[in-house]
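Enquirer: Here's my sequence, what's the structure:
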Amino acid sequence: MIEEIIDQIELTFERIKNYIPERKRLFYNNIQIDNIRGALVYGLRGVGKTTFLIDKIVNSKRNFLYLSADTPIISSLPLYDIVSAIFKRGYDGVVIDEVHYANKWSVHVKALYDDYPGSTIWISDSSNIILKRGVADLSRRFVQFRIPLMSFREYLFLTQNILIDTVDFFNINKNLFRKLKNINILKLFNDYINTGIRPIFSEGEYCLRLKGLLEKSIYYDIPFYVSSIQDNHLRVINAIIGHLINAPVPTINISGMCSEWGLGKEKLYNLLYVMEQSELINIIRKPGKSVYTKGSKIFISDPSIYSCFKGNIGSVREAFVVMCLKEKFNNIFASKDEKDCDFIVDNFKIEVGGKNKKKKNADFVISDDIDVPVRNRIPLWILGLIY
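Expert: Next up, the predicted model:
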């Protein structure tokens, strides 16, 4: 039976290889996985993990076999048995996608790594919080690589074939604008931030696909991590997302939500922590504040979700600023005094708003409706070029 399953896996892999796009995400070049025997690749659904792994196999002509653990024929048998048979068939390595769908996946992967020291095992998953639960046994063996949401720099490359070096937005090279002078940068940025932050845009029906991915993240991924989670808790998570999408102020009322849903504050803080660790939301705290708080501001991690759900567009620019800055800097904090600025990054004070936004006491103002910098006022789209 296992031999027949491997035959089917090989057929599926051959079919999938034909659909790898010609141009791939620039971020893939940052993932130095070639000489790693045990690698763990993670990131939100739809960011391109599968494309990266299959492309790496095909282009390097590796004798690897790809399989996805969320298919019925694979989940019906022990992962160890299937992968062992793959190695015995002569493959040098295996790529296991959506690994958390396999029963006792971390135990099986650890055993495979130890029992087949000459073989390579790359695994991937859509939720780092699931992986954190099982990765303790693998931490000595597996190197972790995270694929983030797609930058505007990558969007320009994929859609316009324009390759731009990463930008230091504290010190912008003026040559950048000469390279982009013949394109409508604000139009492209608008397309990107509304329907292009994940590479699934190339498949069409971006918003429908994004809504499906969000639903899977909530109802399929989180229960794997929080084994005692109840259906009511998942509905609360969904309600928090819905509130943040539409809220004019990016936060939630803890007391009100606890009362409405019959939750204790500790449970609600735990749910917020799970959502943050799952990369569903970004919680921005003031310096020195505990992890188990609602923070000063809460944003949906993917800014395009606001647009796809016809939400509060005013939150999009701040959500985008947070998304970009978190990829480049270790810490981003909310200002202790909102009259001073919005965010603090590496001791720089940052204010976010439109072209007429007042500077307050900020070092930089990031504006969403200008195409070139004016003194310390920086276009929002430039932030999308920092990674």
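
Enquirer: show me what contacts R45?
Expert: R45 sits next to S126, L213, K216, S217 when contact means Cβ atoms under 8 Å, 6 or more residues apart in numbering. For the C-beta atoms, the positions are set from N, CA and C on the backbone; glycine is no exception.

Enquirer: next one: Y101
Expert: A69, D70, S75.

Enquirer: Let's verify the residue nearest to S60 when sequence neighbours are not counted: helix, strand, or coil?
Expert: Leaving aside its chain neighbours, S60 sits nearest to D34 (6.8 Å; criterion: Cβ to Cβ, 6 or more residues apart in numbering). The three-state label given to D34 by DSSP: H, G, I helix; E, B strand; the rest coil is coil.

Enquirer: and D34, how many neighbours does it have?
Expert: A count of neighbours around D34, defined by other Cβ atoms under 10 Å, yields 10.

Enquirer: pretty sure it contacts I57?
Expert: No - the criterion here is Cβ atoms under 8 Å, and D34 misses it with I57 at 10.9 Å.

Enquirer: what residues go with each domain of the protein?
Expert: Using automatic domain parsing, the domain ranges for the chain come out as 2-146, 153-383.

Enquirer: Please render these as CSV that adds mean pLDDT to the earlier fields.
Expert: Shown next, in CSV, are the domains of the chain (pLDDT from 0 to 100):
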stretch, mean pLDDT
domain 2-146, 91
domain 153-383, 91
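
Enquirer: Which helix or which strand is home to the nearest residue to G196 once chain neighbours are set aside?
Expert: Residue nearest to G196 in three dimensions, not counting chain neighbours: Y155, with 5.1 Å by Cβ to Cβ, 6+ apart. Y155 belongs to helix 152-160 when elements are defined using DSSP states H and E.

Enquirer: Buried residues in that helix, which are they?
Expert: Neighbour-count burial for helix 152-160, counted by 16 or more other Cβ atoms under 10 Å, picks out F152, R153, E154, Y155, L156, F157, L158.

Enquirer: The nearest residue to I164 once chain neighbours are set aside: what's it in contact with?
Expert: Nearest non-adjacent residue to I164, counting by Cβ to Cβ, 6+ apart: R153, 5.6 Å away. Contact analysis of R153 by Cβ under 8 Å, 6+ apart lists L26, I164, T166, V167, G384, L385, I386, Y387.

Enquirer: cutoff 7 Å now
Expert: Residues in contact with R153 (Cβ atoms under 7 Å, 6 or more residues apart in numbering) are L26, I164, T166, G384, L385.

Enquirer: neighbour-wise, which of these leads?
Expert: Tallying neighbours with other Cβ under 10 Å puts G384 at the head of the contacts of R153, with 24 neighbours.
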